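A.B. asks: fold the following and give me the result.
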Amino acid sequence: MGWLSKALSGNLGQKLIMSLTGLFLISFLLEHLLSNLLLLKSDGADFNAYAEFMKTNPVIQAAEYVLFGGFIVHIIYAAIITAKNKKARPQGYAYNKPSENSSWFSRNMGLSGSMVLIFLIVHLKSFFVPHKITNSATMTIYDDAIITFGNVPYTLFYVAAMCLLAFHLNHGFQSAFQTLGLRHPKYTPFIKKLGTAFAILVPAGFAAIPLYICFIR
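C.D. replies: Have a look, this model is predicted:
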């Protein structure tokens, strides 16, 4: 299996792993958004029931390990690729006018990813840790979410993170398909439009929930 290890440690192999884990995490985002929409129901019974199912179902519990593994692998390879890109960048890079050939976010995926990671840590500490790891929560997860999203600074922080996530997804979605070799004059425009639509609608959906709870509910 030495050839496999060698292939995955190369630039192409690392980008392939980044693409596959990225697409896996994208599918999780969609599922997570659909479950969060239950927060919009006033009594919270459905959201609490869903949370309890996720907490106790053995299949879901096993899937969570895979999910966390996907996050860790994605983060590690993102750091490796970012470091390699900086090291390989020619000294004359500043004179090549990169802004004319790529967007700021495409050149700074590591930065936007790091900011999203900070949000993820804060978000997990607010909900996942007390309700799933330590069982230290003194209220239902629905009530906890309503109180947390009723906090204006937290809600604004959440919305800002979703804006960064949108830009990160927009480039990452298209880049993943390009790395996987799924480029074709007939399909690439559709993939780009699909990626842009996903990058706008999913983060907007996430952001709309705390905004509604904080300012309208």
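
A.B. asks: roughly how far does Ile26 sit from Met109?
C.D. replies: 14 Å (C-beta to C-beta, to the nearest Å). Backbone N, C-alpha and C define where each C-beta goes, glycine included.

A.B. asks: where in this protein is pLDDT low?
C.D. replies: Along the chain, the parts satisfying pLDDT under 70 run over 1-10, 88-108, 182, 184.

A.B. asks: just the helices in it please.
C.D. replies: With DSSP state H, the ranges of helices along the chain come out as 2-9, 11-36, 45-56, 58-88, 104-107, 109-123, 141-149, 152-179, 188-215.

A.B. asks: now Leu165: closest residue in space that isn't a chain neighbour?
C.D. replies: Pro203 (4.8 Å; C-beta to C-beta, 6 or more residues apart in numbering).

A.B. asks: now what about stretch 54-61, what contacts it?
C.D. replies: 35, 53, 131-132 (C-beta atoms under 8 Å, 6 or more residues apart in numbering).

A.B. asks: most neighbours among these, which one?
C.D. replies: Neighbour counts for the contacts of stretch 54-61, by other C-beta atoms under 10 Å, peak at His131, which reaches 20 neighbours.

A.B. asks: pretty sure Met115 is touching Cys163, no?
C.D. replies: No: Met115 lies out of contact with Cys163 (C-beta atoms under 8 Å); the separation is 9.9 Å.

A.B. asks: how about the contacts made by Ile216?
C.D. replies: Ile216 makes contact with no residue under the criterion C-beta under 8 Å, 6+ apart.

A.B. asks: for it, phi and psi?
C.D. replies: phi -120, psi -40 (degrees, to the nearest 10).

A.B. asks: before we move on, what about Thr138?
C.D. replies: The phi/psi pair for Thr138 (degrees, to the nearest 10) is phi -100, psi 0.

A.B. asks: now do it against Ile146, distance only.
C.D. replies: 14 Å.

A.B. asks: give me the more crowded residue out of these two.
C.D. replies: Shown here are Thr138 and Ile146; by other C-beta under 10 Å, Ile146 has more neighbours (19 against 7).

A.B. asks: so that one touches Cys214, yeah?
C.D. replies: No: between Ile146 and Cys214 there is no contact under C-beta under 8 Å: 9.7 Å.

A.B. asks: shared neighbours of these two, which are they?
C.D. replies: If you check Ile146 and Cys214 against C-beta under 8 Å, 6+ apart, no residue is contacted by both.

A.B. asks: what number of residues lie near the closest residue to Phe173 other than its chain neighbours?
C.D. replies: Spatial nearest neighbour of Phe173, excluding adjacent residues (C-beta to C-beta, 6+ apart): Gly195 at 3.4 Å. For Gly195, the neighbour count with other C-beta under 10 Å is 20.

A.B. asks: ok, Asn170 next?
C.D. replies: Asn170: 21 neighbours (other C-beta under 10 Å).
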